[in-house]
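3D model of this:
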Amino acid sequence: MKPEEIAKMAQIASALEVSGYPKPGNVHRTRDFDDMEFEDFVISGIVIGDTIREACTDVDVENPQLGKYILQAVAETDRWIKNNTNLGIVMMTTPIAVAAAISDSFDDIRENIKRLMGNTSVDDACDLYDAINIADAGGMGDQDEYDVASDNAKNELRQNNRTMYDVLKISAPWDMLAREMTGDMPAVFEIGYPKYHELRQSKSQNDACVLTFLTILSHVPDTLISRKYGSDEAMKISLMTRDLLNIKDEPDFKDRLREFDDYLFKNKYNPGTTADLTAASIFVSYLKSNFE
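Numbering: from 1, shown residues only. Predicted coordinates:
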């Protein structure tokens with residue numbers, strides 16, 4: 001698949017994810033936060049296109065430089081938007097995009113993601129840490145070992161020869177994106193993408209996005225919520241989401257969905273990791289359609 005096409009699909013996925021409304025607890029087209037607006041996310045989705053295209057061009061499978069391109073996309077976003085709007089989306093999208101570029105069929109993508117992640121380097125790890133710090137994002141590596149906020153973190157990575165895969169594996173127990181990137185992306189390929197791909201055949205793009213988001217959240221407690229409020233609260237939100245999905249065909253579903261959005265917003269429960277997984281799922285669905 002051509003790099004330009006892959007880049008466009010990544011941009012489309014970013015735009016569709018943030019446009020979905022009322023996507024509970026997150027910024028969407030009818031909900032802004034105090035420190036970031038809907039338009040910030042639209043701009044962020046647009047400006048990553050050039051980097052994704054470059055990452056997918058003449059891929060060196062043995063040294064795909066995933067960290068370099070994650071950093072490049074985050075730095076470009078930072079030129080336009082002074083908020084962490086898309087670090088997670090970029091982290092998920094980059095290996096999927098590069099895997100698509102070297103795949104002969106859709107069924108090759110998942111295995112190629114594993115291959116590419118296994119070939120990440122210490123330089124990739126250092127670039128990822130720089131990207132996290134530019135985005136001012138907490139939660140990934142902010143533990144005793146290889147603390148991303150430490151001034152000496154990158155020296156420690158080099159001294160111990162820790163690759164990007166290694167540091168994400170360390171973060172995997174408490175960060176869902178790290179778990180996805182080092183664990184064959186089950187939430188995206190087994191939950192999110194199949195649900196979105198099915199729904200877009202019969203639902204509007206908006207409804208497909210929102211229902212996919214809810215489906216992922218109902219299965220996978222959001223680690224952004226769990227890091228802020230604890231695993232019990234994250235599980236509570238997932239169970240509430242499950243209850244909501246049980247009435248998705250009822251006449252009052254949309255009213256209940258808006259109420260859930262209001263509840264999460266007022267209580268500052270932000271399922272941001274779920275939003276990243278949703279964007280990645282939409283991206284994979286578009287890849288599937290364009291491989292057929």
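
shaky segments in the protein?
Scanning the chain for pLDDT under 70 picks out 137-151.

mind listing the strands for it?
Assigned by DSSP state E, the strands in the chain number zero.

for the chain, which helix is longest?
Assignment by DSSP state H gives helix 272-291 as the longest helix of the chain.

how close does Phe213 get to Leu168?
Distance, Phe213 to Leu168, using CB to CB, to the nearest Å: 23 Å. No exception for glycine: its C-beta is placed from N, CA and C like everyone else's.

actually, Thr94.
Applying CB to CB to Thr94 and Leu168 gives a distance of 12 Å.

dump the residue contacts of the nearest residue to Met1 once chain neighbours are set aside.
Of all residues not flanking Met1 in the chain, Ala100 sits nearest, at 5.6 Å (CB to CB, 6 or more residues apart in numbering). Going by CB atoms under 8 Å, 6 or more residues apart in numbering, Ala100 touches 1, 6, 56, 109, 112, 287.

is it true that Val122 touches Gln159?
No. Val122 is beyond contact range of Gln159, at 9.6 Å (criterion: CB atoms under 8 Å).

distance of Ala13 from Leu277?
11 Å.

coming back round to it: in CSV, list the contacts of Ala100 along with distance to Gly25 and neighbour count.
CSV is the format used below for the contacts of Ala100 (distance: CB to CB, whole Å; neighbours: other CB atoms under 10 Å):
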residue, distance to Gly25, neighbour count
Met1, 34, 18
Ile6, 30, 27
Cys56, 32, 25
Ile109, 29, 24
Asn112, 33, 21
Leu287, 27, 24
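
circling back to that earlier point, overlap in contacts of Thr94 and Leu168?
Common contacts of Thr94 and Leu168 (CB under 8 Å, 6+ apart): none found.

still on that earlier bit, who's more crowded, Phe213 and Leu168?
Phe213 (29 against 25; other CB atoms under 10 Å).

now do Thr87 against Val188, distance only.
Actually, residue 87 is Leu. It isn't Thr. 17 Å.

the more surrounded of the two?
Neighbour tally, Leu87 and Val188, criterion other CB under 10 Å: the higher count belongs to Val188, 28 against 24.

which residues does that one contact?
Going by CB under 8 Å, 6+ apart, Val188 touches 92, 96, 180, 277, 280-281, 284.

looking at the residues you listed, which is nearest Ser19?
Closest approach between the contacts of Val188 and Ser19, by CB to CB: Ser281, at 14.7 Å.

the closest one - nearest residue in space that isn't next to it in sequence?
Spatial nearest neighbour of Ser281, excluding adjacent residues (CB to CB, 6+ apart): Gly192 at 2.9 Å.

surely that neighbour meets Ile216?
Yes. Gly192 is in contact with Ile216 according to CB under 8 Å; the separation is 5.0 Å.

where do the contact lists of those two overlap?
Joint contacts of Gly192 and Ile216 (CB under 8 Å, 6+ apart) are 277-278, 281.

please indicate which of the residues you listed has the highest neighbour count?
Thr278 (32 neighbours).

distance of that one from Leu217?
9 Å.

for Ala75, same thing?
Going from Ala75 to Leu217 by CB to CB gives 30 Å.

which one of those two has more residues nearby?
Each of Ala75 and Leu217 has its neighbours counted (other CB under 10 Å); Leu217 has more, 28 against 15.
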